[in-house]
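K.L.:
Give me coordinates for this.
(chains A, B, C and D)
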Protein chains: 2
Amino acid sequence: MSERTLDRTGGEPLWKQLQHDLVRRLGAGEFDDVFPGELALVEDYQVSRHTVRQALGKLRTDGLIVAERGRQPRVATAPEIRQPMGALYSLFSSVEASGLTQHSVVRALDVRADGVIASRLDLEASIPLVYLERLRFAGDEPLALDRVWLPKSLAEGLLEADFSHTSLYNELAERTGLRLDHGREDIRAVNPTPAERALLHCPADAAAFSINRLGHAQGRKIEWRHTVVRGDRFALSAEFSAHEGYRLTSATTTAISRT
Amino acid sequence: MSERTLDRTGGEPLWKQLQHDLVRRLGAGEFDDVFPGELALVEDYQVSRHTVRQALGKLRTDGLIVAERGRQPRVATAPEIRQPMGALYSLFSSVEASGLTQHSVVRALDVRADGVIASRLDLEASIPLVYLERLRFAGDEPLALDRVWLPKSLAEGLLEADFSHTSLYNELAERTGLRLDHGREDIRAVNPTPAERALLHCPADAAAFSINRLGHAQGRKIEWRHTVVRGDRFALSAEFSAHEGYRLTSATTTAISRT
DNA sequence: TGGCAGTAAATGACCGTACATTTACGTTAA
DNA sequence: TTAACGTAAATGTACGGTCATTTACTGCCA
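P.N.:
As a prediction, the model looks like this:
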């Protein structure tokens, strides 16, 4: 409709300006209903269809839109094929895939302040945090002790959720609209503390994974997580190649024998 | 040059046929000297420059060629920025990055047969294997116990190499031309055996990573590796995002305190 | 011999056109 | 009401051209 103008002084290519402007408008949610067609963009921006197609081609290879012959381009829905969830997600999802059912015992779900954790989330020490502590089971055996801290201002709605069978990320997405988009984690090999050992029913000589994670969503640090996973029955599996990079695959759940 | 023909019956787009043909010729090494320019391809294949540019654009976004204004496209050199080396490589390279020097004590380098390992490499049980066992140091402290098996038919040249300061992959590439291109690894949390604990100078309560890896090169399984890494001073770090996937970053070498 | 300017050649950017193919949608007939 | 048909609209493919900008190279001059 309204004619939009691009900078034609030659500073930056028209198709790149168009691409960036479309990404911006897409991020602003302008195209949640319908994405404009090529001809509409030609009209709007007063450029040739070739230029429009060049910009749309970029958006397509970036996975932002999908296009088919005969129908208008559409905003790509849920590019959630890749699981940006890290080692923990890989572990838990593979448990489910192996046929074992999962459930959790919620040991704590409250609001508390913790200066150390808060600083890791770039918050003041006194800012209240939602704290969730769960003992996670795979089948009848304990699998992991999972502790999560989130800013109360964002996660207050979680206090009424039932976490015995549903995942934190489902609840978070449904109640607050937040979805983890990237993060960083450290994986260590440790021996569980006696308390953890008792909770997890660990054999006396079993080691464990200790995973710390800082999760981001929409540019903000929203989650600090510390998880202790029994190491006697679970392993991380990964495949790597020059083409695909490093990719976590299924986690082993069978009995493990030392080589 | 010789005129090349494409299928114009409409079965597949011309630019896609051109793209595939160029990839094929590129893989065959036809363009090791010079990559043909756009106009040369127009002449060769009898298509418009637009079609040529469409095909070259794909090759460019795939990282196969690089193009600049005014000069002919060139074959991309060494797309080896990604290190298809897995967790171990990440661990050892980050040690070096932290300023510590590495060296190894070779505890064994010989030829032996092992039916179990051989079967993992898809070999007969009696096939001889080159066996290399090293104790790897970071600075003055032992870091890992590293055991590698490779088929003797491929790795015989390694028997005369000095592995106290050079890496296995360097030697393998130089002496045999083989380079690992993909593989699979399992990472477990374990407690070292008393023997391993003594070799690694592990504290009594320290856990360790146990990493098993099967490495491939040119479609063949060429390496089985088993490594025990001290868990009290080393951790795996990874970043993950929807865009970049899962990416191992630096490994922690500082003292680790439990959260 | 070295530096400099000029020229040729190549890619990048942009525009226009035509036709093919698929989808969406409204109309008609059973 | 439903199925089939036909038309309009949108994208995919492919052709053509023009100008700008950068690179590579040649030849001149000091």
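K.L.:
Do you have the helices of the stretch 1-150 of chain A handy? List them.
P.N.:
For the stretch 1-150 of chain A, helices defined by DSSP state H, counting those that start in this stretch occupy the ranges A:14-27, A:38-45, A:49-61, A:86-97, A:115-120.
K.L.:
what angle sits between the longest one and helix A:38-45?
P.N.:
This points to helix A:14-27. 100 degrees (axes from the mean of the first three to the mean of the last three CA atoms, to 10 degrees).
K.L.:
List the contacts of helix A:14-27.
P.N.:
Helix A:14-27 is contacted from outside by A:4, A:6-8, A:31, A:41, A:45, A:47, A:51-52, A:54-56, A:58-59, A:64-65, A:75, using CB atoms under 8 Å, 6 or more residues apart in numbering or on different chains. All C-beta spots, glycine's among them, are computed from the backbone N, C-alpha and C.
K.L.:
pLDDT (mean, whole number) over that helix?
P.N.:
What helix A:14-27 shows for mean pLDDT is 89.
K.L.:
Tell me how many other residues crowd the residue in the stretch 1-150 of chain A that DNA strand C sits nearest to.
P.N.:
Closest contact between the stretch 1-150 of chain A and DNA strand C, by CB to the nearest atom of the strand, is at residue A:70 (2.3 Å). The number of residues packed around residue A:70, counting by other CB atoms under 10 Å in any protein chain shown, is 4.
K.L.:
ok, and the closest non-adjacent residue to the residue nearest the centre of chain A?
P.N.:
Ranked by distance to the mean C-alpha position of chain A (CA atoms, centre = their mean), the top residue is residue A:180 at 3.5 Å. Leaving out its chain neighbours, the residue that sits closest to residue A:180 by CB to CB, 6 or more residues apart in numbering or on different chains is residue A:215, at 4.8 Å.
K.L.:
Can you dump the C-alpha atoms of the host helix or strand of that neighbour in PDB for me?
P.N.:
Element membership for residue A:215 (DSSP states H and E) is strand A:208-217. Provided in PDB are the C-alpha atoms of strand A:208-217 (Å, rounded to 0.1, in the frame of the first residue of the first chain):
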ATOM      1  CA  ALA A 208      27.700 -38.600  37.500                       C
ATOM      2  CA  PHE A 209      27.400 -35.800  35.100                       C
ATOM      3  CA  SER A 210      27.100 -32.300  36.500                       C
ATOM      4  CA  ILE A 211      25.600 -29.900  34.000                       C
ATOM      5  CA  ASN A 212      25.300 -26.200  34.500                       C
ATOM      6  CA  ARG A 213      23.400 -24.200  32.000                       C
ATOM      7  CA  LEU A 214      22.600 -20.600  31.300                       C
ATOM      8  CA  GLY A 215      19.600 -20.200  29.000                       C
ATOM      9  CA  HIS A 216      18.700 -17.100  27.000                       C
ATOM     10  CA  ALA A 217      15.400 -16.000  25.400                       C
END
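K.L.:
That one to helix A:86-97, inter-axis angle?
P.N.:
Using the same axes, to 10 degrees: strand A:208-217 against helix A:86-97 is 110 degrees.
K.L.:
Assign residue A:163 to helix, strand or coil.
P.N.:
coil (DSSP: H, G, I helix; E, B strand; the rest coil).
K.L.:
phi, psi of it?
P.N.:
phi -100, psi 20 (degrees, to the nearest 10).
K.L.:
hang on, residue A:137 packs against residue A:92?
P.N.:
No. Under the criterion of CB atoms under 8 Å, residue A:137 is not in contact with residue A:92, lying 11.0 Å apart.
K.L.:
Stretch A:11-22 and DNA strand C, any residue contact?
P.N.:
Yes. Interface with DNA strand C: stretch A:11-22 contributes A:13, A:14, A:15, A:16 (CB under 7 Å from any atom of the strand).
K.L.:
number of nearby residues for residue A:187?
P.N.:
For residue A:187, using other CB under 10 Å, the count is 27.
K.L.:
Distance of it relative to residue A:210?
P.N.:
8 Å (CB to CB, to the nearest Å).
K.L.:
before we move on, the earlier item: need the residues of stretch A:11-22 next to DNA strand C in JSON lines (columns: neighbour count).
P.N.:
Output for those, formatted as JSON lines (neighbours: other CB atoms under 10 Å in any protein chain shown):
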{"residue": "A:13", "neighbour count": "13"}
{"residue": "A:14", "neighbour count": "19"}
{"residue": "A:15", "neighbour count": "20"}
{"residue": "A:16", "neighbour count": "14"}
